[in-house]
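Q: Got a predicted structure plus its sequence, pasted below:
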Amino acid sequence: RVLGEIFPILRKGLQNKDVATRQGSCLGLAEVLLAARKEQLTDFLYTDVVPLIRDALCDANESVRDAAGAAFDAVFKHGGTDTASEIVP
C-alpha cells in the first residue's frame, strides 16, 4: 500500500532542479528497495522503479548518477538480470 504512495513522491523529487533533492530521491529509492520484499515490489518494478532508475542514471549531475547506482544495485537484488536489462538495455 505504502509503496504506491512513495514512488510518485520519489519521481517528483527526481524532477526537481535542486541536485541535493534529486540525489536524496535516489538514496531514498535505494533504501526503500533494500527494505522491501520482492513480493511487495512486483506491482511497481517495471512501471515505477525501472523508469525512475533509468532516468536518474542519465542525470546531468555525477552525484545523482552515483546515488542512482545505489538504487540500481538494490533493485538488481530483487529483479536480477531481467530487471537490469530493462534499465540498461
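A: The structure has been received and is ready for your questions.
Q: now the helices for this structure?
A: Along the chain, the segments classed as helices by DSSP state H run 3-14, 19-35, 38-41, 50-57, 62-87.
Q: now those in CSV, with mean pLDDT and mean neighbour count?
A: Heads up, the C-betas are built off the backbone N, CA and C, glycines and all. As requested, those are exported to CSV (pLDDT from 0 to 100; neighbours: other CB atoms under 10 Å):
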stretch, mean pLDDT, mean neighbour count
helix 3-14, 95, 15
helix 19-35, 96, 19
helix 38-41, 88, 14
helix 50-57, 94, 20
helix 62-87, 87, 17
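Q: where's the nearest residue to residue 7 once chain neighbours are set aside relative to residue 85, distance?
A: Nearest residue to residue 7, sequence neighbours excluded (CB to CB, 6 or more residues apart in numbering): residue 48, at 4.0 Å. Using CB to CB, to the nearest Å, residue 48 is found at 17 Å from residue 85.
Q: again with residue 77
A: Taking CB to CB, one finds residue 77 at 15 Å from residue 85.
Q: Residue 79 now?
A: Distance, residue 79 to residue 85, using CB to CB: 10 Å.
Q: returning to what we had before: what number of residues lie near the residue nearest to residue 7?
A: If you count neighbours by other CB atoms under 10 Å, residue 48 ends up with 19.
Q: my guess is it contacts residue 11, does it?
A: Yes - using CB atoms under 8 Å, residue 48 is in contact with residue 11, at 7.4 Å.
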